[in-house]
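K.L.:
Quick one, structure for this:
(chains A, B, C and D)
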There are 2 protein chains.
Amino acid sequence: MDFSIGELSKATGVKVPTIRYYEKEGLIEAPIRTEGNQRRYQERDLDRLRFLKHCRDLGLPMEAIRELIDLSLHPDQPCSNANRIAADQLQAIRARIAHLKKLEKELARISASCTGEHPAADCNILKAFGDHDLCLSDHK
Amino acid sequence: MDFSIGELSKATGVKVPTIRYYEKEGLIEAPIRTEGNQRRYQERDLDRLRFLKHCRDLGLPMEAIRELIDLSLHPDQPCSNANRIAADQLQAIRARIAHLKKLEKELARISASCTGEHPAADCNILKAFGDHDLCLSDHK
DNA sequence: GTAATCCCTATAGCGGCTAGAGGTTCAAGA
DNA sequence: TCTTGAACCTCTAGCCGCTATAGGGATTAC
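P.N.:
Numbering: from 1, shown residues only, chains lettered A, B, ... in the order given. The predicted structure is shown next:
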């Protein structure tokens, strides 16, 4: 019928202290309590937390999730904000991928520049780490 | 001959409070001071900070940078650690790219699933954020 | 000489948790 | 019914790598 925080944690993969943290942050509602002050959750809390976790797994910042939750609590409002949030996040992810690819290229070059068998004084890796001018691109 | 912290900052692109933070963390040496207690840096501090910044730009964690600095202070030691650090970082970057690509795929699908003109109750984006089962891959 | 700009220390805050201390409640077995 | 032991409670502090602010002192250009 209702879950303890530990059961909710197992069902969602969100750790117990994290659930309490989300509650403190207002991202999930404070559930009812037993006489002994322990939290007891309902089905809808499970849905909400699954939503939250999925959003976090997709990399959304908590502020964006807050907006999405607000929106789902007002089902008559237009969903243009949800659209914007998804598009923004997609763009942010693509920017990060582009940046990481530059780093990958530089690191591959640096990593291959020395076999690790020299004294440090002659190590090309140490030189490459020290000198951005040796880099092929401008990796920020 | 020597630089103030602001000049060092401009020369490297590292912000002033960050330079002081690096000093507190032992990543750069505490420089000499003027009679009025202001820091004055030398050429070698500039080199060190450039090294540090380049490593940070490449995504190395400070602990790894600490090891690299140690190594460059012992030029007779073998550089196998530098090799390992570069290889580890390369692997870490590649793992992050792989993960972000999964997110990109899911977000592109989610983002395209709704034009943003519906009431929230019917919004496919909200549904997709809520339900991982709709996802094509297992993005963590 | 004075005003503008730099510099100093110390502390707190960011995001998103996570770990620990020290104590209470619950549920299963004897 | 009693007892154990696991799970729960609150509160505080810590993680990384900075960044911002407050409240002052030093330096430099005019």
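K.L.:
Just checking stretch A:119-134 against chain B, any contact.
P.N.:
Yes: applying Cβ under 8 Å from any Cβ of the partner chain, one finds stretch A:119-134 in contact with chain B at A:P119, A:A120, A:A121, A:D122, A:C123, A:I125, A:L126, A:F129, A:G130, A:D131, A:H132. For glycine as for every other residue, the C-beta is placed from the backbone atoms N, C-alpha and C.
K.L.:
with these in mind, which one is nearest to DNA strand C?
P.N.:
Closest approach to DNA strand C among the residues of stretch A:119-134 next to chain B (Cβ to the nearest atom of the strand): A:H132, at 22.9 Å.
K.L.:
can you redo the residues of stretch A:119-134 next to chain B as TSV with distance to A:I93 and pLDDT?
P.N.:
As requested, the residues of stretch A:119-134 next to chain B are exported to TSV (distance: Cβ to Cβ, whole Å; pLDDT from 0 to 100):
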residue	distance to A:I93	pLDDT
A:P119	42	92
A:A120	38	91
A:A121	42	89
A:D122	40	90
A:C123	35	93
A:I125	30	93
A:L126	33	94
A:F129	28	94
A:G130	31	91
A:D131	31	87
A:H132	26	88
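K.L.:
Mind checking which of those are buried?
P.N.:
Buried members of the residues of stretch A:119-134 next to chain B, counted by 16 or more other Cβ atoms under 10 Å in any protein chain shown: A:A120, A:C123, A:I125, A:L126, A:F129, A:G130, A:H132.
K.L.:
ok, and which of those residues reach DNA strand D?
P.N.:
Among those, no residue sits close to DNA strand D (Cβ under 7 Å from any atom of the strand).
K.L.:
any chance of those residues in CSV, with secondary structure too?
P.N.:
Formatted as CSV, these follow (DSSP: H, G, I helix; E, B strand; the rest coil):
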residue, secondary structure
A:A120, helix
A:C123, coil
A:I125, helix
A:L126, helix
A:F129, helix
A:G130, helix
A:H132, helix
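K.L.:
What is the nearest of those to B:A86?
P.N.:
Distance to B:A86 across these (Cβ to Cβ) is lowest for A:I125, with 5.3 Å.
K.L.:
was I right about the closest one contacting B:S80?
P.N.:
No: using Cβ atoms under 8 Å, A:I125 is not in contact with B:S80, being 10.0 Å away.
K.L.:
Could I get the full set of strands for chain A?
P.N.:
Using DSSP state E, the strands of chain A run over A:32-33, A:39-40.
K.L.:
most packed of these?
P.N.:
strand A:39-40 (a mean of 18; mean count of other Cβ atoms under 10 Å in any protein chain shown).
K.L.:
Contact residues of chain A facing DNA strand D?
P.N.:
A:S4, A:I5, A:G6, A:E7, A:S9, A:V16, A:P17, A:R20, A:N37, A:Q38, A:R39.
K.L.:
Spatially nearest residue to the fifth one, not counting backbone neighbours?
P.N.:
With sequence-adjacent residues excluded and distances taken as Cβ to Cβ, 6 or more residues apart in numbering or on different chains, A:S9 is closest to A:V16, at 4.8 Å.
K.L.:
swap in the second one?
P.N.:
Computed as Cβ to Cβ, 6+ apart, the closest residue to A:I5 that is not its neighbour in sequence is A:R39, at 4.9 Å.
K.L.:
residues touching that neighbour, list them.
P.N.:
A:S4, A:I5, A:P31, A:I32, A:R33 (Cβ atoms under 8 Å, 6 or more residues apart in numbering or on different chains).
K.L.:
one step back: and the residue nearest to A:S9, what does it touch?
P.N.:
Residues in contact with A:V16 (Cβ under 8 Å, 6+ apart) are A:I5, A:G6, A:S9.
K.L.:
Chain A against DNA strand C: which residues are in contact?
P.N.:
With the criterion set to Cβ under 7 Å from any atom of the strand, chain A comes near DNA strand C through A:4, A:15, A:17-18, A:21, A:34-38, A:56, A:61-63.
K.L.:
can you tell me which two in those residues are farthest apart?
P.N.:
A:E35 and A:P61 (37.7 Å).
K.L.:
sorry, back to before: who touches both of A:I125 and B:S80?
P.N.:
The contact sets of A:I125 and B:S80 overlap at A:G116 (Cβ under 8 Å, 6+ apart).
K.L.:
Let me know how buried A:K24 is, in neighbour terms.
P.N.:
If you count neighbours by other Cβ atoms under 10 Å in any protein chain shown, A:K24 ends up with 10.
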